[in-house]
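In: Curious how this folds, go ahead:
(4 chains)
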There are 2 protein chains.
Amino acid sequence: MGSTIIDVAKKCGYSKTTVSRAYAEPDSVSEKAKLKIYAAAKSLNYTPNAIARAMVRQQTENIAFIINEKQSPAVLNPFYSPILEAVMRESARRNYSVFVVTNQDVLLPNGEVYIKKQMDGVIFVGEAGETIIDRLREQNIPVVLLNNVLDMEDLLCITTSHYEGAMSAVDHLYEQKHRKIGLLAGRFSPQVNEARYKGYVDALVRRGLEINPQYILEIDPTLEAGEQAMAHLLQLENRPTAAFCTNDTVAAGAMKAVIRAGLRIPEDVAIVGFDDSSVSRIVEPELTTVRIDMDRMGQLAAEKLFDLIEGKPSGETRIVIPTELIVRSSSSRTQVHLE
Amino acid sequence: MGSTIIDVAKKCGYSKTTVSRAYAEPDSVSEKAKLKIYAAAKSLNYTPNAIARAMVRQQTENIAFIINEKQSPAVLNPFYSPILEAVMRESARRNYSVFVVTNQDVLLPNGEVYIKKQMDGVIFVGEAGETIIDRLREQNIPVVLLNNVLDMEDLLCITTSHYEGAMSAVDHLYEQKHRKIGLLAGRFSPQVNEARYKGYVDALVRRGLEINPQYILEIDPTLEAGEQAMAHLLQLENRPTAAFCTNDTVAAGAMKAVIRAGLRIPEDVAIVGFDDSSVSRIVEPELTTVRIDMDRMGQLAAEKLFDLIEGKPSGETRIVIPTELIVRSSSSRTQVHLE
DNA sequence: CCTCCCGTTGGGAACGTTCCCATTTGATCT
DNA sequence: AGATCAAATGGGAACGTTCCCAACGGGAGG
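Out: Reported below is the predicted structural model:
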């Protein structure tokens, strides 16, 4: 079917070694030879066989992007898209391809970890088990962990400042004169939950405000749950005048509840989200949110992974990407005409 | 580093052939042998090498999901996510892995097509050039084309009924007593554009309405463009009372313009979108839209591709997945409390 | 008891590259 | 002209499997 390097070699009169070199290290082959070789290849419809190359090089030029989430159907939520996009961009630059993989591909039904395909490295995002990372390392596959922290030797974890981000969000609401601030806390990984929750609490405490447990709801990180939870907060006798939501989707849900209750955003209730995902621009008024630099996270994860693949020891084991508060109209009327 | 089938064979006293069979066709190996082999494999930390297998089998158990879009950064827009998800699900079921690939990975800077990796099949979504498909076929790689139609022999194209969908949207607005209906037409592939545009025109003509060119704007399929275009329509002396947008993102932008103009949705202006993407539930009021069954599209594309990979000729060359109008509050006040 | 057959097992070639090592070529220097 | 050297080229082994073909052993059937 497909023609091989030997066919090309025969056709152009050079050896298979030279043909191989014409593709792998063109500089070491004379111009004359390359001309003939490429011509022969073209006429034979030849393309180098990546599998055979991977076989002998012991290197596939593939990496895997493994998304491991409990809520399995929402595999490609809009949150991860920009990260994946950055990873793909950086990989393409290095002539690497990206497998996108879900937990199901890696876990056997019995729970055992099973690595089906050879790959040169793995970017792991979301919930991560130690066993799976152990297993990858047994195979000498470098791993970078994204948006999660695991205390393993030499494991590079890239996260954002969830704590500081949450704090800045609540600080902002305080500065907008809000004293009754609700928290709609989506259930993510324990670390993320805890950091964002702590940021909320500490911001309030630092200002000398009391924590009202009635204002704190832990919910699934979905639109519907956000709407429902906010509707509940609005019914409280002493209802909050603002809500900090630990992601944008929940915040969008919360906004729906406010609007449906006939209240105005931000005059009656201010809303702040987290992530600065595409959702934040879609809603009206646009959402004040804590920006996570997804692109940078993905880019960095890829770069660091390629460093590891090339054998450079990363040294660092924690990288925290700073968040940034983006003030839009959902929390501050003065912003509305500035944009 | 990694141990091979031969290490396992030596350790357990069986031949490499038997070890190989213990993984590839377990039924043909005695229980006793399998027990010993798996034990040896475990102690040696052995995993079958997919590359070597692919080499001799001439089959990688990988497919590629190629997204080819002009607006390059928005590679993973929310529109494609559910499709990819379905493809991944079906692939996982068959023990296949999925490469996610953008046009850049496949196109050389000089515009030539370059297929880097071996793969058993390709699902192509978005803009598709004939040359790239020709090139894939030269390599005997089966192709399924998604959301686009190309007139090539034996090429299976899966699309949705853009024309009927657009028509149903406009019909619905007519039934809601709207007579001045705008069209915000996002620029997609020519086929999609034309079909949705024609649906709009024909629906109006069938009702005996005149086409007002002032009401028709062709724009980029973005939030910002949607907002801007709608703002423009609202300024018209004889402004439309409804707008049909050829995707949900544009519709969300249009809604923003309406809200910012201080008008009510749907009382003053009704909005209808297309796709039923996640956007349609996020906005408030929720968006009436033409649903495309993305999951079914992805599922079907994968199934058909695997048929082709297994050598079954598909026979059919066009599959059209019907659309469905989903009426929500952005076009019909009576719906608001039904949900 | 011999033959036949099936369930198991094993040996070697093949898959299409790369890479190590050697050889050839032609130019430069003395 | 001979020696030296770098640049260019070639031959064969190796990468880790699968698969074809052959061989072995033992139970069934004659």
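In: what number of residues lie near residue A:143?
Out: 24 (other Cβ atoms under 10 Å in any protein chain shown). From N, CA and C alone the C-beta is placed, and that goes for glycine too.
In: show me the contacts for it.
Out: Residue A:143 is in contact with A:121, A:122, A:123, A:124, A:133, A:136, A:137, A:155, A:156, A:305, counting by Cβ atoms under 8 Å, 6 or more residues apart in numbering or on different chains.
In: how about the closest residue in space to residue A:264 that isn't next to it in sequence, what does it touch?
Out: Nearest non-adjacent residue to residue A:264, counting by Cβ to Cβ, 6 or more residues apart in numbering or on different chains: residue A:258, 7.9 Å away. Going by Cβ under 8 Å, 6+ apart, residue A:258 touches A:230, A:234, A:264, A:265, A:268, A:269, A:271.
In: make it 7 Å
Out: Residues near residue A:258 by Cβ atoms under 7 Å, 6 or more residues apart in numbering or on different chains: A:230, A:265, A:269, A:271.
In: Would you confirm that the first one belongs to a helix?
Out: Yep, that's residue A:230 we're talking about. Yes - assignment of residue A:230 by DSSP: H, G, I helix; E, B strand; the rest coil places it within a helix.
In: Among the contacts of residue A:258, which are located in helices?
Out: residue A:230 (DSSP state H).
In: between the contacts of residue A:258, which is closest to DNA strand C?
Out: Nearest to DNA strand C among the contacts of residue A:258 is residue A:271, at 55.8 Å by Cβ to the nearest atom of the strand.
In: Show the pLDDT at residue A:26.
Out: In this prediction, residue A:26 carries a pLDDT score of 89.
In: thinking again about what came up before, give me the subset of the contacts of residue A:143 lying in helices.
Out: A:133, A:136, A:137, A:305.
In: got a winner among those residues for most neighbours?
Out: residue A:305 (25 neighbours).
In: my guess is that one meets residue A:120, correct?
Out: No - Residue A:305 lies out of contact with residue A:120 (Cβ atoms under 7 Å); the separation is 8.7 Å.
In: Overlap in contacts, those two.
Out: residue A:63.
In: Tell me the residues of the stretch 101-250 of chain A that contact chain B?
Out: Residues of the stretch 101-250 of chain A lying close to chain B by Cβ under 7 Å from any Cβ of the partner chain are A:101, A:102, A:104, A:105, A:115, A:116, A:117, A:118, A:138, A:139, A:140, A:223.
In: which SS class is the residue nearest to residue A:294 when sequence neighbours are not counted?
Out: The spatial neighbour of residue A:294 that comes closest, neighbours along the chain excluded (Cβ to Cβ, 6+ apart), is residue A:82 at 3.8 Å. Secondary structure state of residue A:82, per three-state DSSP, is helix.
In: re earlier: remind me which helix or strand the residue nearest to residue A:264 belongs to.
Out: Using DSSP states H and E, residue A:258 falls within helix A:248-260.
In: so where's chain A uncertain?
Out: Scanning chain A for pLDDT under 70 picks out A:1, A:70-77, A:103-114, A:334-339.
In: mind listing the helices for it?
Out: A:5-12, A:16-24, A:31-44, A:50-57, A:81-93, A:103-106, A:130-138, A:162-175, A:190-206, A:223-235, A:248-260, A:279-282, A:294-309.
In: by contact count, what packs against the fifth one?
Out: Using 3 or more Cβ pairs under 7 Å, 6 or more residues apart in numbering or on different chains; DSSP states H and E as the contact test, the elements touching helix A:81-93 are strand A:62-68, strand A:97-102, helix A:294-309.
In: give the contact list for the closest residue to residue A:171 other than its chain neighbours.
Out: Excluding its sequence neighbours, the residue lying closest to residue A:171 (Cβ to Cβ, 6+ apart) is residue A:203, at 5.4 Å. Shown in contact with residue A:203 (Cβ under 7 Å, 6+ apart): A:167, A:170, A:171.
In: burial count for the last one?
Out: Spelled out, it's residue A:171. Residues contacting residue A:171 under the criterion other Cβ under 10 Å number 17.
In: ok, it to residue A:202 distance?
Out: From residue A:171 across to residue A:202, the span is 10 Å (Cβ to Cβ, to the nearest Å).
In: again with residue A:32
Out: From residue A:32 across to residue A:202, the span is 71 Å (Cβ to Cβ).
In: Then residue A:320?
Out: For residue A:320, the distance to residue A:202 - Cβ to Cβ - is 17 Å.
In: Residue A:26 now?
Out: Distance, residue A:26 to residue A:202, using Cβ to Cβ: 59 Å.
In: about what we covered before: out of residue A:32 and residue A:202, which sits in the busier spot?
Out: residue A:202 (15 against 9).
In: give the contact list for the more buried one.
Out: Neighbouring residues of residue A:202 by Cβ under 7 Å, 6+ apart: residue A:167.
In: Check residue A:267 too.
Out: Residues in contact with residue A:267 (Cβ under 7 Å, 6+ apart) are residue A:333.
In: Would you map out the domains in chain A?
Out: Split into domains by automatic domain parsing, chain A comes to A:5-48, A:62-160+A:295-322, A:162-293+A:325-335.
In: contacting residues for the closest residue to residue A:15 other than its chain neighbours?
Out: Leaving aside its sequence neighbours, residue A:15 sits nearest to residue A:9 (Cβ to Cβ, 6+ apart; 5.7 Å). Applying Cβ under 7 Å, 6+ apart to residue A:9 gives the contacts A:15, A:16, A:19.
In: quick one: residue A:9 and residue A:21, what's the gap?
Out: In terms of Cβ to Cβ, residue A:9 sits 11 Å off from residue A:21.
In: Chain neighbours aside, what residue packs nearest to residue A:278?
Out: Counting by Cβ to Cβ, 6+ apart, the residue nearest residue A:278 is residue A:78, at 5.5 Å.
In: Counting neighbours, what do you get for the one you found?
Out: As a measure of burial, residue A:78 has 19 neighbours, counting by other Cβ under 10 Å.
In: check contacts around it.
Out: For residue A:78, the residues meeting the contact criterion (Cβ under 7 Å, 6+ apart) are A:277, A:278, A:279, B:78.
In: Report the contact partners of residue A:21.
Out: Counting by Cβ under 7 Å, 6+ apart, residue A:21 touches A:28, A:29.
In: Tell me how far it lies from residue A:247.
Out: According to Cβ to Cβ, residue A:21 stands 52 Å off from residue A:247.
In: Same check on residue A:148?
Out: Taken as Cβ to Cβ, the span from residue A:148 to residue A:247 is 15 Å.
In: Spatially, what comes nearest to residue A:39 if we skip its sequence neighbours?
Out: residue A:12 (7.2 Å).
In: Pretty sure that neighbour sits against residue A:42.
Out: No - using Cβ under 7 Å as the test, residue A:12 is too far from residue A:42 to be in contact (10.7 Å).
In: Any chance of a markdown table for the domains of chain A, columns distance to residue B:52?
Out: A markdown table is the format used below for the domains of chain A (distance: least, Cβ to Cβ, whole Å):
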| stretch | distance to residue B:52 |
| --- | --- |
| domain A:5-48 | 18 |
| domain A:62-160+A:295-322 | 9 |
| domain A:162-293+A:325-335 | 37 |
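In: Any idea which of those gets closest to DNA strand C?
Out: Nearest of the domains of chain A (Cβ to the nearest atom of the strand): domain A:5-48, 2.7 Å.
In: Centre of the chain to the closest one, how far?
Out: Distance of domain A:5-48 from its chain centroid, counting by Cα atoms, centre = their mean, to the nearest Å, is 41 Å.
In: So is that domain next to DNA strand D?
Out: Yes - using Cβ under 7 Å from any atom of the strand, domain A:5-48 reaches DNA strand D at A:13, A:14, A:15, A:16, A:17, A:18, A:21, A:28, A:29, A:30, A:32, A:33.
In: Can you get me the start-to-end distance on that domain?
Out: One end of domain A:5-48 sits 7 Å from the other (Cα to Cα, to the nearest Å).
In: count of neighbours near the nearest residue to residue A:188 once chain neighbours are set aside?
Out: Closest residue in space to residue A:188, ignoring its immediate chain neighbours: residue A:221 at 6.5 Å, by Cβ to Cβ, 6+ apart. Residue A:221 has 23 neighbours, counted by other Cβ under 10 Å.
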